[in-house]
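>>> Give me coordinates for this.
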Amino acid sequence: MGSVWSGPTPSAAASSPALPAQQQQQQQQQKQRFRVKKVAIVGAGPAGLAAARYLRAQGAVDSITVFEQQRQVGGVWLYSGLAPKEVPVPQQDPFWGPEPAIWPDGADAPVFPSPMYERLHANIPGSLMRFHDREFPSDAWAFPKREEIQEYLVRYAEDLRPLIKFCHEVTRVSLEIRDGRDQWHVEAKSTLNDDEVVRETYDAVVVANGHYSVPYIPAITNIQEFNKAHPSIITHSKQYRRNEGFKGKKVVIVGNGPSGLDIAFQVNQVADKTLLSVRHATSPEKLAHIGCEEVPEIVDFLPDQRGVRFIDGSVESEIDHILFCTGFLFGYPFLQDLNHKVITSGRGVHGLYQHLFLIEHPTLVFPALNMKSVPWPLAESQAALFSAVWANELELPTDDQMWRWSRELEERQGEALHVYPAVGDDGKHINEMYDWVKKAKHVGKEPPRWDKELFWERSICFEAKIKFEEDGCKAKTLAELGFHYEPDEEGLDVV
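Below is the predicted model of the structure:
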């Protein structure tokens, strides 16, 4: 893949030879163009919390407000036994939603269900997953369970709580250009009182609402007719909470991504028959671990047989459950004015530089979009970067250079803009952002930098996770699982 930047280096604008006076003036204006004193952050999940911490440490802003629709921090990690009641079948619309909140009986605040399910643990070790300056407790699992992760995030947010407006759902973020400066009008309504609406104007906005809200279910032939005939059979992984309802049933799991494999593993423990329908074959090690029978992708639903036809022509009938683990679409219902400019199919956010800055208006940033990544240290690196840029401690490349980077990314990756092609590319990106941030005159809080040991941990994640589960989810360290880092290992060079 080469450098993750894959384009002009961040220092290109500053490293040019002598320039004409007009061009020098333009560059000087670019250096000083940010006047960011008031920042809004949408979401108090890991990326939103990291943004608040790094912005505060940079010390260049006067006001930070984090809007969180739930009553607690955690984002996707905030578990609720309540699941969304309905997901459209099919569901391919990135502009679907937002889903209505659910009021549990006797509760004093509503719940916005995330896709978190009861028996879930991280698929990366805690030593790699964590924020770089805060370790998980010594008694946490090597691959921390969701309860440990949520508790970690609550502790991480303790000193940030005064910045957070809980139970406030952002409903609109609109742009006004005033005296050549971006002004973002943010509207947020209380989830406790319909009559309470906050309306404030900010110099910059961090969009950290996550990307696990808008489920994706493909439009396979006759899927609508099947769903009408059998309305309780097709569900999405966002609706999955526990495996008890699948006991003794014939189940088809669609998709072999991380959630598909994990849910298939759980369902297969109680189901009579579990089929894993995939477009691309699962590795033998993974398939052996989950214990399911792999079948090809579904090409047709057969309502009269309560069945499906696979691409090889084979048919499976009398199916009790079909669970789509086909992921989510990027969606921002509060960005009505920008939505159709940055979102097309929902598989990526267009017009960004380094997956982060909206090129036309770089006072709007989208941290932690990248898939197949270790997201928390990535969010830290990005937070350190935009904090320094908005403080005018670092320059962005010229608009032409940023657009060139964006176009090259789209040519290379199509709609799947934010998927790292290879294991370890996330670490390379983290290190390249670190090197850029370190060029700043003042760095409020140093971001993470991966060493060879962290790259090694990244390379053995899946193998170690299988061993962890096979051993009963008891190990507290990778060493207990038999994985020991050898400092002289080859092929683990740090960028």
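
>>> C-alpha only now, for contacts and for neighbours.
Will do.

>>> Going along the chain, name the strands of the stretch 1-150 of the chain.
With DSSP state E, counting those that start in this stretch as the criterion, the stretch 1-150 of the chain has strands at 38-42, 63-68.

>>> possible to save those strands as JSON lines with mean pLDDT and mean neighbour count?
Shown next, in JSON lines, are the strands of the stretch 1-150 of the chain (pLDDT from 0 to 100; neighbours: other Cα atoms under 10 Å):
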{"stretch": "strand 38-42", "mean pLDDT": "98", "mean neighbour count": "24"}
{"stretch": "strand 63-68", "mean pLDDT": "98", "mean neighbour count": "22"}
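
>>> Can you tell me which of those is nearest to Leu454?
Closest to Leu454 of the strands of the stretch 1-150 of the chain is strand 38-42 (Cα to Cα; 29.3 Å).

>>> Only alpha carbons, please: show that closest one as PDB.
C-alpha atoms of strand 38-42 as PDB (Å, rounded to 0.1, in the frame of the first residue of the first chain):
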ATOM      1  CA  LYS A  38     -16.100  27.200  20.500                       C
ATOM      2  CA  VAL A  39     -16.500  23.500  19.600                       C
ATOM      3  CA  ALA A  40     -19.400  21.100  19.600                       C
ATOM      4  CA  ILE A  41     -18.900  17.300  19.700                       C
ATOM      5  CA  VAL A  42     -21.700  15.000  18.600                       C
END
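
>>> Figure out how far it is from the centre of its chain.
19 Å (Cα atoms, centre = their mean, to the nearest Å).

>>> And for that strand, what's in contact with it?
The contact list for strand 38-42, computed with Cα atoms under 8 Å, 6 or more residues apart in numbering, reads 48, 51-52, 61-68, 170, 186, 202-209.

>>> Those residues in helices, which ones?
Among the contacts of strand 38-42, DSSP state H puts 48, 51-52 in helices.

>>> doesn't Tyr117 make contact with Gly241?
To be clear, residue 241 is Arg; Gly isn't right here. Yes. Counting by Cα atoms under 8 Å, Tyr117 is a contact partner of Arg241 at 4.2 Å.

>>> Which neighbours do those two have in common?
Gly81.

>>> So for the two, which sits in the more crowded spot?
Set Arg241 next to Tyr117 and count neighbours by other Cα atoms under 10 Å: Tyr117 wins out with 23 against 20.

>>> And the more buried one, how close does it get to Ala83?
9 Å (Cα to Cα, to the nearest Å).

>>> about what we covered before: now render the strands of the stretch 1-150 of the chain as TSV, adding distance to Glu293.
TSV is the format used below for the strands of the stretch 1-150 of the chain (distance: least, Cα to Cα, whole Å):
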stretch	distance to Glu293
strand 38-42	42
strand 63-68	42
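
>>> what bits of this protein have low per-residue confidence?
1-32, 489-495 (pLDDT under 70).

>>> hey, where'd the helices end up in it?
Here the chain has its helices, by DSSP H, at 21-31, 46-58, 126-129, 146-156, 223-229, 258-267, 284-290, 339-342, 375-390, 399-413, 425-437, 452-459, 461-470.

>>> Tell me which other helices or strands the fifth one touches.
Helix 223-229 sits against strand 298-302, with contacts defined as 3 or more Cα pairs under 8 Å, 6 or more residues apart in numbering; DSSP states H and E.

>>> now the second one
Counting by 3+ Cα pairs under 8 Å, 6+ apart, the packing neighbours recorded for helix 46-58 are strand 38-42, strand 63-68, strand 204-207, helix 375-390.

>>> at 10 Å what do you get?
strand 38-42, strand 63-68, helix 146-156, strand 204-207, helix 375-390 (3 or more Cα pairs under 10 Å, 6 or more residues apart in numbering; DSSP states H and E).

>>> which one of these lies closest to Pro487?
Comparing those by Cα to Cα, helix 375-390 comes nearest, at 22.0 Å.

>>> then the closest one to CSV, C-alphas only?
Taking Å, rounded to 0.1, in the frame of the first residue of the first chain, the C-alpha atoms of helix 375-390 are listed here in CSV:
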residue,chain,number,x,y,z
PRO,A,375,-10.3,2.6,16.6
TRP,A,376,-9.4,4.2,20.0
PRO,A,377,-5.8,5.1,19.4
LEU,A,378,-6.7,6.1,15.9
ALA,A,379,-9.3,8.5,17.3
GLU,A,380,-6.7,9.8,19.7
SER,A,381,-4.3,10.5,16.8
GLN,A,382,-7.0,12.3,14.9
ALA,A,383,-8.0,14.3,17.9
ALA,A,384,-4.5,15.5,18.4
LEU,A,385,-4.3,16.4,14.8
PHE,A,386,-7.4,18.5,14.4
SER,A,387,-6.8,20.1,17.8
ALA,A,388,-3.4,21.3,16.6
VAL,A,389,-4.7,22.4,13.1
TRP,A,390,-7.6,24.4,14.6
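
>>> for it, the distance to its chain's centre please.
The answer for helix 375-390 is 14 Å, by Cα atoms, centre = their mean.

>>> how much does it deviate in direction from helix 425-437?
20 degrees (axes from the mean of the first three to the mean of the last three Cα atoms, to 10 degrees).

>>> Quick one: residues contacting Ile234.
Ile234 makes contact with 87-90, 217, 223, 226-227, 252, 320-324, according to Cα atoms under 10 Å, 6 or more residues apart in numbering.

>>> Tell me how many other residues surround the closest residue to Gln70 other than its chain neighbours.
Leaving aside its sequence neighbours, Gln70 sits nearest to Cys167 (Cα to Cα, 6 or more residues apart in numbering; 5.1 Å). As a burial measure, Cys167 scores 21 neighbours (other Cα under 10 Å).

>>> Now do the contacts for Cys167.
Cys167 is in contact with 67-72, 109-111, 188-193, counting by Cα under 10 Å, 6+ apart.

>>> How about Glu380?
Shown in contact with Glu380 (Cα under 10 Å, 6+ apart): 46-51, 53-54, 131-132, 367-368, 430, 433-434, 445-448.

>>> Just the buried ones from the contacts of Cys167, in ChimeraX syntax?
Remark: buried members of the contacts of Cys167, expressed as a ChimeraX selection using 16 or more other Cα atoms under 10 Å:
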select :67,68,69,70,71,72,109,110,111,188,189,190,191
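
>>> and which of the contacts of Cys167 is nearest to Glu294?
Glu294 lies nearest to Val111 out of those, by Cα to Cα, at 35.9 Å.

>>> Hmm, the closest one is touching Ile102, no?
Yes. Using Cα atoms under 10 Å, Val111 is in contact with Ile102, at 5.1 Å.

>>> Give me the common contacts of these two.
Common neighbours of Val111 and Ile102, counting by Cα under 10 Å, 6+ apart, are 82-83.

>>> tell me the most buried of the helices and strands packed on helix 46-58?
Most buried of those, by mean neighbour count (mean count of other Cα atoms under 10 Å): helix 375-390, with a mean of 26.

>>> what's the angle from it to helix 46-58?
Going by the same axes, to 10 degrees, helix 375-390 makes 40 degrees with helix 46-58.

>>> so what sits against both of Tyr117 and Ala83?
With Cα under 10 Å, 6+ apart, Tyr117 and Ala83 have common neighbours 237-241.

>>> Give the bridge partners for the nearest residue to Asp195 once chain neighbours are set aside, please.
Once flanking residues are discounted, Asp195 sits nearest to Lys189: 7.9 Å by Cα to Cα, 6+ apart. In this entry, Lys189 is beta-bridged to Glu169, Val197, by DSSP bridges.

>>> mind checking how far Lys189 is from Ser406?
34 Å.

>>> count of residues packed around Pro258?
If we define neighbours as other Cα under 10 Å, then Pro258 has 13 of them.

>>> I'd say it and Ile290 touch.
No. Shown here, Pro258 and Ile290 do not form a contact pair, counting by Cα under 10 Å, at 11.7 Å.
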